[in-house]
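Enquirer: next input, structure requested:
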Amino acid sequence: MKAEFINPFLESARTVIEQMIMIRPETGELRIKDVRMVEGHIWIHIGMSGQIDGEVIFGLSESVALKMVSAMMGGFVITEIDEMSRSAISELGNMISGNASTILFNQGVKVDITPPKVLSNVQAADALPPRALTIPLIMDGIGELDIQVLIA
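Expert: Residues are numbered from 1 along each chain as shown. Alright, predicted model coming up:
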């Protein structure tokens, strides 16, 4: 796992969150961690192929997802993870990953990304890698969004 591959996702996530959520996230500590199932969490899974083969997974609690979706909806309070909120959080992952792939392309690395899949605990059990390079984005008043990158 190479740390330089997480930087485009980190840069992109900060920019997209700032534009969509109107908050400037702080960066947590970069580390390799065991990826565990956590009750009440969702994951946005995006595959990568090309000069980089692997996956990026955005992990967040349902309460953080609801706050982010509410901010994306102009402050309209969203109270449950329904089809609309899944679509919004999926699109957030898509924007982050699309921008990151553009950053990588500009660095001379060609990569294609898959459409995002929003996974719940049951679905994520087989899809999540056992270990990943992880960096959390800390959003004041909202919570954390973990960016987890696994490169083959």
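Enquirer: element containing I78, please.
Expert: I78 is part of no helix or strand, with elements assigned from DSSP states H and E.
Enquirer: can you check G47 too?
Expert: Since the elements are taken from DSSP H and E, G47 ends up inside strand 41-50.
Enquirer: strands paired with that strand, and their directions?
Expert: Strand 41-50 has the following strand partners under DSSP bridges: strand 54-61 (antiparallel), strand 111-113 (antiparallel), strand 117-119 (antiparallel).
Enquirer: mind checking how far it is from the chain centre?
Expert: 8 Å (Cα atoms, centre = their mean, to the nearest Å).
Enquirer: name the SS class of V69, please.
Expert: Assigned with DSSP: H, G, I helix; E, B strand; the rest coil, V69 falls in the helix class.
Enquirer: roughly how far does it sit from R86?
Expert: 9 Å (Cβ to Cβ, to the nearest Å). C-beta coordinates here come from the backbone N, C-alpha and C atoms, glycine included.
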